[in-house]
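Student: Please work out how this folds:
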Amino acid sequence: MTDENKRVVCDIAMIPIGETYTMNARKAPEFANTIRPHTVIPIHYGSVAGRPEDAETFKNLVDKDIEVKILI
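Tutor: Here you go, the predicted model:
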């Protein structure tokens, strides 16, 4: 999470949570809660990097007023 992407304004955010080259499922919710999109979709997890259950970890840590769509 950089100062530049903390200033992102968007309705839908696709946030990678695989951890190898991205944030992990515990750090990425902090970013989602900072930029506060209407909807957030976790991506880049469950096959090459991260585990399938990382999406639920992510969802449980995102503020409840932000919709989380798990599509994988």
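Student: which residues of the chain fall in strands?
Tutor: Secondary structure of the chain (DSSP state E): strands at 12-16, 39-43, 67-68.
Student: okay, these, which one's buried deepest?
Tutor: Highest mean neighbour count of these: strand 39-43, a mean of 21 (counted as mean count of other C-beta atoms under 10 Å). C-beta coordinates here come from the backbone N, C-alpha and C atoms, glycine included.
Student: Read off the pLDDT value for the residue most central in space within the chain.
Tutor: Nearest residue to the geometric centre of the chain (C-alpha atoms, centre = their mean): residue 15, 4.0 Å. Note for residue 15: predicted pLDDT of 96.
Student: Can you name the residues that contact the closest residue in space to it that isn't next to it in sequence?
Tutor: Once flanking residues are discounted, residue 15 sits nearest to residue 28: 5.0 Å by C-beta to C-beta, 6 or more residues apart in numbering. Applying C-beta atoms under 8 Å, 6 or more residues apart in numbering to residue 28 gives the contacts 15, 16, 17, 22, 42, 58.
Student: Identify the farthest-apart pair in these.
Tutor: Pairwise distances across the contacts of residue 28 (C-beta to C-beta) peak at 11.7 Å, for the pair 22 and 58.
Student: And the helices in this structure, which stretches?
Tutor: 3-6, 28-35, 54-61 (DSSP state H).
Student: Export those helices to JSON lines and append columns for mean pLDDT and distance to residue 47.
Tutor: Formatted as JSON lines, these follow (pLDDT from 0 to 100; distance: least, C-beta to C-beta, whole Å):
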{"stretch": "helix 3-6", "mean pLDDT": "90", "distance to residue 47": "24"}
{"stretch": "helix 28-35", "mean pLDDT": "96", "distance to residue 47": "17"}
{"stretch": "helix 54-61", "mean pLDDT": "97", "distance to residue 47": "11"}
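Student: which one of those helices lies closest to residue 68?
Tutor: Smallest distance to residue 68 across the helices of the chain (C-beta to C-beta): 4.4 Å, for helix 54-61.
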